[in-house]
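S.K.: heads up, no residue letters with this:
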DNA sequence: TCCGATGCGTGACTTTTGTCGCATCGAGGC
DNA sequence: GCCTCGATGCGACAAAAGTCACGCATCGGA
């Protein structure tokens, strides 16, 4: 079975404050798991036995409605942790997680986690910061879905992507299209067709150019105003 | 200034495990504040200086959209705590809180809270449970708003209210109307008119009788099926 | 090089939801 | 008892969002 070492453990936000020795000890119990594209890491409703850290690749946390539509709660990048909620409230997994591309994740069992927290209260404190940030994020998401139009949510996605991952060029800000329109729809709480049409309208309005594998944001300020 | 005593402090979930002496010490620093109907306790965006425990009355946590529409994130009953998020992530208050009826709340400052956590790690653990439960609750709310119809959300509200607060009578399950239609709309993420119409339809279908001050749920199973 | 899976574009239509405007109706204050 | 105001009821519309049904392009294998 694949193993990790102390230094990598300490790159996980929750464990950043552990001593080298303690991190090495924790590493002993950490498991590395690999997933193929679209493979599931966590299934909503299943019992929880620990939490994960995404090591490589990208993933999404989502809920599936009765009609099969999905709502993405959070996108995951390397270093992000997920699956902690049921550890603390004892319930089943509140949402599903699957990977968008071949990925690896570290798995830390509930027992290990409790042990670490018991011996290092600072870890609990880090977790509180983390949970607080996620509650804040969910608050934003709820407001968006409930009080903003689909167009505004798509504009926000483009705006944030451009700010966070975009590269300035003479043509505008170039951002890789890292999600399918289907996933973009699930992210903003809509359906593929609406995303497709909205992107077309934004393109006609000269806000953004939609290319095969990338967006070129031509008017970042206009996008910002639509949010 | 009004003060509280140790035993009351220990009814707060976060502090249930404190010793009597410690609770009494904490009580020294706790402030009691009173609010009139519709008065604001927390304003979204303001700086945070501590968190609250609702002592009497009822309140709502909500966000206001650009067009003035509101989305309720959580309803508060006596004993519920709120306002903890910014304590831990250091940001401004993520949402507003106001009271639905004359209410009292306890205020515990950030400094006090940090002090208590530092000396009693078990408090941090209780907070983690609490945050986890709230993240789970938000996950449910997001799914509802994003993937279910307004009708289904209203049915759920009636169903849950009937289960939690309803009294069985020969006519059906009687539940007090504790929210205005305006607040019901903000709770389910819609507008007053739609709530009014939906209730009418449900009444015509014989699911529930809408009286001036109470609902009479006539067919709980049918409501459950609509959720 | 062909083929099937996947992703995307689009028109036409339906449904749900939200907006507007007003009438009504009690409860509580004078 | 009268008046006001918050809370409701409701019809007629408007607009946003979702559904259906296709056709088309790409891309990574067999």
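M.R.: Ah, there it is. Since this is a predicted model, take the numbers as computed values, not measurements.
S.K.: helix/strand/coil for residue A:97?
M.R.: What DSSP: H, G, I helix; E, B strand; the rest coil gives for residue A:97 is strand.
S.K.: pull the helix or strand with minimum mean pLDDT from chain A.
M.R.: helix A:6-9 (a mean of 83; mean pLDDT, DSSP states H and E).
S.K.: so residue A:216 sits in a helix?
M.R.: No. Per three-state DSSP, residue A:216 lies outside any helix segment and is strand.
S.K.: quick check: it touching residue A:170?
M.R.: No. Using Cβ atoms under 8 Å as the test, residue A:216 is too far from residue A:170 to be in contact (10.5 Å). In short, each C-beta sits where N, CA and C put it, glycine included.
S.K.: and the longest helix anywhere in chain A, does that touch chain B?
M.R.: When chain A is parsed with DSSP state H, its longest helix is helix A:121-147. Yes. Contact of helix A:121-147 with chain B (Cβ under 8 Å from any Cβ of the partner chain) involves A:121, A:124-125, A:127-129, A:131-136, A:138-143, A:145-147.
S.K.: restricted to buried residues, select those residues in PyMOL.
M.R.: Of the residues of helix A:121-147 next to chain B, the buried ones can be selected in PyMOL as follows, counting by 16 or more other Cβ atoms under 10 Å in any protein chain shown:
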select buried, chain A and resi 124+125+127+128+131+132+133+134+135+136+138+139+141+142+143+145+146+147
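S.K.: for chain A, what are the low-confidence residue spans?
M.R.: Where chain A drops to pLDDT under 70, the residues are A:1-2.
S.K.: strands of that one, start to end?
M.R.: Applying DSSP state E to chain A gives strands spanning A:31-35, A:40-42, A:50-56, A:59-64, A:70-76, A:81-82, A:96-99, A:103-109, A:167-168, A:173-176, A:208-210, A:214-217.
S.K.: helices or strands up against the fifth one?
M.R.: Okay, so that is strand A:70-76. When contacts are defined as 3 or more Cβ pairs under 8 Å, 6 or more residues apart in numbering or on different chains; DSSP states H and E, strand A:70-76 sits against strand A:59-64, helix A:121-147, helix A:181-188, helix B:121-147.
S.K.: tabulate these in a markdown table, adding columns for distance to DNA strand D.
M.R.: A markdown table is the format used below for the helices and strands packed on strand A:70-76 (distance: least, Cβ to the nearest atom of the strand, whole Å):
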| stretch | distance to DNA strand D |
| --- | --- |
| strand A:59-64 | 13 |
| helix A:121-147 | 9 |
| helix A:181-188 | 8 |
| helix B:121-147 | 8 |
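S.K.: out of those, nearest to residue B:31?
M.R.: When those are compared by Cβ to Cβ, helix B:121-147 sits nearest residue B:31, at 18.9 Å.
S.K.: which residues touch residue A:69?
M.R.: A:186, A:191, B:147 (Cβ atoms under 8 Å, 6 or more residues apart in numbering or on different chains).
S.K.: quick one: name the residues of chain A near chain B.
M.R.: A:63, A:65-67, A:69, A:71, A:73, A:84-89, A:91, A:94-95, A:117, A:121, A:124-125, A:127-129, A:131-136, A:138-143, A:145-148, A:189.
S.K.: DNA strand C contacts on chain A?
M.R.: Contact residues (Cβ under 7 Å from any atom of the strand) of chain A with DNA strand C: A:177, A:180, A:181, A:182, A:192, A:193, A:196, A:197, A:199, A:200, A:210.
S.K.: on that earlier part again, can I get the strands of chain A in CSV with mean neighbour count?
M.R.: Output for the strands of chain A, formatted as CSV (neighbours: other Cβ atoms under 10 Å in any protein chain shown):
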stretch, mean neighbour count
strand A:31-35, 16
strand A:40-42, 19
strand A:50-56, 21
strand A:59-64, 21
strand A:70-76, 21
strand A:81-82, 21
strand A:96-99, 20
strand A:103-109, 21
strand A:167-168, 10
strand A:173-176, 18
strand A:208-210, 18
strand A:214-217, 20
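S.K.: would you turn those into JSON lines with distance to residue B:36?
M.R.: JSON lines is the format used below for the strands of chain A (distance: least, Cβ to Cβ, whole Å):
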{"stretch": "strand A:31-35", "distance to residue B:36": "55"}
{"stretch": "strand A:40-42", "distance to residue B:36": "46"}
{"stretch": "strand A:50-56", "distance to residue B:36": "44"}
{"stretch": "strand A:59-64", "distance to residue B:36": "39"}
{"stretch": "strand A:70-76", "distance to residue B:36": "37"}
{"stretch": "strand A:81-82", "distance to residue B:36": "43"}
{"stretch": "strand A:96-99", "distance to residue B:36": "45"}
{"stretch": "strand A:103-109", "distance to residue B:36": "49"}
{"stretch": "strand A:167-168", "distance to residue B:36": "53"}
{"stretch": "strand A:173-176", "distance to residue B:36": "50"}
{"stretch": "strand A:208-210", "distance to residue B:36": "49"}
{"stretch": "strand A:214-217", "distance to residue B:36": "48"}
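S.K.: closest to residue B:156 out of the ones you listed?
M.R.: Evaluated over the strands of chain A, closeness to residue B:156 peaks at strand A:59-64, with 15.2 Å, by Cβ to Cβ.
S.K.: from the chain's centroid, how far away is the closest one?
M.R.: Relative to its parent chain, strand A:59-64 has a centroid offset of 9 Å by Cα atoms, centre = their mean, to the nearest Å.
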